[in-house]
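K.L.:
Kindly generate the corresponding structure for this input.
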Amino acid sequence: MKVRPSARCGDRCAVILLAFFLDRVFGDPPNRWHPVAWMGRWIGWGKARAAAQDPLAALLSGAAILASGILGVGTLAAALERWARGWPRGVRVLGMALLLKSTFSLRGLERAALQVHTALLRRDLPAARHWLRWHLVSRETKHLAQHHIVAATVESLAENTSDGVIAPLLYYLMGGLPAAMVYRFINTADAMLGYREGMLEWLGKIPARVDDGANFLPARLTAGLFVLAAPLVREDAAAAWRTWREDARATSSPNAGHPMAAMAGALRVELEKVGHYRLGRGFPHPTGDAIPRAIRLVRAGVGLFLMGVVLAHLAGGKDDPTT
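P.N.:
Modelled structure (predicted):
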């Protein structure tokens, strides 16, 4: 019996689900095969050649690194997508899923947070600080108290759910593989160049502003998913909504505060970066169990997103053969 398009997931829906399955089972490929590592090498090459430039030259260099990467990544991804249209559906979906998987990593994010949590369970604060700095944050960690280690881990889980999982999947839905790959390049350029120090103040200014724009919708969608998912994992949806509305703008980033504030409210903990912000003011400092609770909330939020993708495609009643 022939299956009507409305009775099955379209190509983009199938690609997302398969990519998520590949992430859960296999995780990330080695760096030598990872497209994001290749993006990082290109950005690093441009960064090295922009050293010791004056502010205007550094600003233009940052724009050139970003524009050349967007053009190159977008063109290559579009060519691959066009080439794949002639493949059998199963092969096409698998190929696109393997490429899409390279733009996000939920399994890697969870494993990084659990390494910090395991060190805390052993009461090994130096190891917890080490793994936090190694995997999740760029700030100095060697003097952080335990509750600040937990807070930074939970904050990273919340923020990276947005820009490390939801955003690339959302852009894939909207614009296929080119949109997902271009987003990942923009985000990688911001991660490598977007610092307010020395030459990077100017070199990373344009990548940082473009990244802010690219993450506007994903950050708010992720916060909303945390609110909706909170009751599913026995957390506080009302506090998540309230803290999101009250504290989302407390951070210097126009986007990171949204998922972080919703997470703080859902867990009913205060997330503090000393000298910068306090989210969920009035709640107690987080203890070690906040990390596995945050992971459960992240999984539930991503699960709701995937469920929404499936339902939207089934309700739409159309298949997308272009992936």
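
K.L.:
Is A51 in a helix, a strand, or coil?
P.N.:
What DSSP: H, G, I helix; E, B strand; the rest coil gives for A51 is coil.

K.L.:
pLDDT at R209, what is it?
P.N.:
Here, the pLDDT recorded for R209 equals 96.

K.L.:
Count the residues that sit near it.
P.N.:
15 (other Cβ atoms under 10 Å). Backbone N, C-alpha and C define where each C-beta goes, glycine included.

K.L.:
Now do it against D190, distance only.
P.N.:
9 Å (Cβ to Cβ, to the nearest Å).

K.L.:
what bits of the stretch 51-200 of the chain have low per-residue confidence?
P.N.:
199 (pLDDT under 70).

K.L.:
Now D54: phi and psi?
P.N.:
Here is the backbone geometry of D54 (degrees, to the nearest 10): phi -70, psi 170.

K.L.:
CA atoms of stretch 76-88 as CSV?
P.N.:
Taking C-alpha atoms only, stretch 76-88 is exported to CSV below (Å, rounded to 0.1, in the frame of the first residue of the first chain):
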residue,chain,number,x,y,z
LEU,A,76,29.5,23.9,-0.4
ALA,A,77,26.4,22.8,1.6
ALA,A,78,24.1,24.0,-1.1
ALA,A,79,26.1,22.0,-3.7
LEU,A,80,26.0,18.9,-1.6
GLU,A,81,22.2,19.3,-1.0
ARG,A,82,21.6,19.6,-4.8
TRP,A,83,23.8,16.6,-5.5
ALA,A,84,21.9,14.5,-3.0
ARG,A,85,18.6,15.1,-4.7
GLY,A,86,19.4,12.4,-7.2
TRP,A,87,20.1,9.8,-4.6
PRO,A,88,17.6,7.2,-3.4
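
K.L.:
Quick check: buried residues in it?
P.N.:
The neighbour-count check on stretch 76-88 (16 or more other Cβ atoms under 10 Å) flags A77, A78, L80, E81, A84 as buried.

K.L.:
Stretch 233-248 too?
P.N.:
If you call a residue buried by 16+ other Cβ under 10 Å, then stretch 233-248 has these buried ones: V233, E235, D236, A237, A239, A240, W241, R242, T243, W244, D247, A248.

K.L.:
Stretch 283-292 too?
P.N.:
Buried residues in stretch 283-292, counted by 16+ other Cβ under 10 Å: F283, H285, P286, G288, A290, I291.

K.L.:
Those in strands, which ones?
P.N.:
Here DSSP state E is the test, and those give no hits in strands at all.

K.L.:
who does the longest helix anywhere in the chain touch, helix- and strand-wise?
P.N.:
When the chain is parsed with DSSP state H, its longest helix is helix 55-84. Helices and strands touching helix 55-84, by 3 or more Cβ pairs under 8 Å, 6 or more residues apart in numbering; DSSP states H and E, are helix 35-49, helix 89-101, helix 167-193, helix 200-203, helix 205-214.

K.L.:
What pLDDT is listed against the residue lying closest to A266 once chain neighbours are set aside?
P.N.:
Counting by Cβ to Cβ, 6 or more residues apart in numbering, A240 is the residue found nearest to A266 once chain neighbours are left out, at 3.8 Å. If you check A240, the pLDDT there is 98.

K.L.:
got the contact list for A240?
P.N.:
By Cβ atoms under 8 Å, 6 or more residues apart in numbering, the residues touching A240 are F226, V227, A230, A262, M263, G265, A266.

K.L.:
separation between it and A67?
P.N.:
Here A240 is placed at a distance of 38 Å from A67 (Cβ to Cβ).

K.L.:
likewise R268?
P.N.:
44 Å.

K.L.:
quick one, which of those two is more surrounded?
P.N.:
Shown here are R268 and A67; by other Cβ under 10 Å, R268 has more neighbours (18 against 12).

K.L.:
quick one: that one and D236 touch, right?
P.N.:
Yes - at 5.5 Å, R268 counts as touching D236 under the criterion of Cβ atoms under 8 Å.

K.L.:
Check the burial of the closest residue to N31 other than its chain neighbours by counting its neighbours.
P.N.:
Spatial nearest neighbour of N31, excluding adjacent residues (Cβ to Cβ, 6+ apart): A37 at 4.1 Å. The local packing of A37 (other Cβ under 10 Å) involves 15 other residues.

K.L.:
now swap in F21 and tell me
P.N.:
For F21, the count of nearby residues is 12 (other Cβ under 10 Å).

K.L.:
what sits against it?
P.N.:
No contacts exist for F21 under Cβ under 8 Å, 6+ apart.

K.L.:
For it, what is the enclosing helix or strand?
P.N.:
helix 11-26 (DSSP states H and E).

K.L.:
Just the buried residues of that helix, please?
P.N.:
If you call a residue buried by 16+ other Cβ under 10 Å, then helix 11-26 has these buried ones: D11, R12, C13, A14, V15, I16, L17, L18, A19, F20, L22, D23.
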